[in-house]
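> Return a 3D structure for these sequence lines:
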Amino acid sequence: MILSNVISQLLGGMVTSIEIFLLTLLFSLPLGLAIAAGRMSNIKPIRWLMKIYISIMRGTPLMLQLIVVFFAPYYVFGLTLSPDYRFIAVIIAFTINYAAYFAEIYRGGIEAIPKGQYEAAQVLGYSKLETFFIIIMPQVFKIILPSVTNEVITLVKDTSLSFVIAIPEMFTVAKQIAAADASIAALLVAGVFYYVFNILVAFFMENLENRLSYYD
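Numbers count the residues shown, from 1 in each chain. Prediction:
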């Protein structure tokens, strides 16, 4: 009975954690590809801008980025923001942070493809856009999938950092319940949730990798 009560109290936090996870992936994966394209651009200012961006995102703590994204509109621009902005700030901070990591993963995968494949595609009459999305990207996805899986698993755990701007994700709710009940039951349930969530993510990614094994 006590366990079921703890789980029922944690449900709202679980939903919030899953929302942060899914929305971050939804926005950061395509953004990371765009940043990778800029990072490999022949235009020097764009290439260096993306390089600096990636360096900042990877060189500073995600917790600090959350604080900056949340407070900067008020302290820098004097904007008064609605309470809903807390959740929006979390998604923005997580997205720009993870996009930087995904950009470098994409870049590594793209640069691993032999240049001869681009030349062969050109001979066959493919445009640059067709070559990239039809021939190159399917192979890139296969190459980068293990690295992407590691980042996705890290993201599951990083959702707990949302507490820094008072977003009631699951770990925050668990700490509140544990403090109120003077019991670690809620924290243990939260730990199980993160573990099971990561197992499901790893299982999904492993199956996806097996589906792409025809490139071996």
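> Now do the buried residues in the least confident helix or strand in the chain by mean pLDDT.
Here the helix or strand of the chain ranked lowest by mean pLDDT, DSSP states H and E is helix 170-181, holding a mean of 79. Buried residues in helix 170-181, counted by 16 or more other CB atoms under 10 Å: Met170, Phe171, Thr172, Val173, Ala174, Lys175, Ile177, Ala178. C-beta: built from backbone N, CA, C; applies to glycine.
> would a markdown table of those residues with distance to Leu33 be doable?
Output for those, formatted as a markdown table (distance: CB to CB, whole Å):
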| residue | distance to Leu33 |
| --- | --- |
| Met170 | 30 |
| Phe171 | 30 |
| Thr172 | 32 |
| Val173 | 34 |
| Ala174 | 35 |
| Lys175 | 36 |
| Ile177 | 40 |
| Ala178 | 40 |
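> Determine how far the longest helix seen in the chain lies from the middle of the whole chain.
Ranked by number of residues, the top helix in the chain under DSSP state H is helix 2-39. Centroid displacement of helix 2-39 relative to its chain, using CA atoms, centre = their mean, to the nearest Å, is 8 Å.
> Give me the below-cutoff pLDDT ranges for the protein.
1-6, 213-216 (pLDDT under 70).
> where's the most far-flung residue of it relative to its centre relative to Leu145, distance?
Most distant from the centre of the chain: Val123, at 37.3 Å, with distances by CA atoms, centre = their mean. Going from Val123 to Leu145 by CB to CB, to the nearest Å gives 29 Å.
> got a list of contacts for stretch 148-164?
If you take CB atoms under 8 Å, 6 or more residues apart in numbering as the criterion, stretch 148-164 is touched by 16-17, 20-21, 24-25, 62-63, 66-67, 90, 94, 98, 101-102, 105, 169-172, 175, 194, 197-198, 201-202, 205-206, 209.
> Can you tell me what sits against stretch 129-147?
With CB under 8 Å, 6+ apart, stretch 129-147 has contacts from 105-106, 108-110, 112-113, 117-118, 121-122, 126, 205, 208-209, 212-213, 215.
> Of the buried residues of helix 170-181, which is the nearest to Pro30?
In terms of CB to CB, no member of the buried residues of helix 170-181 lies closer to Pro30 than Met170, at 26.5 Å.
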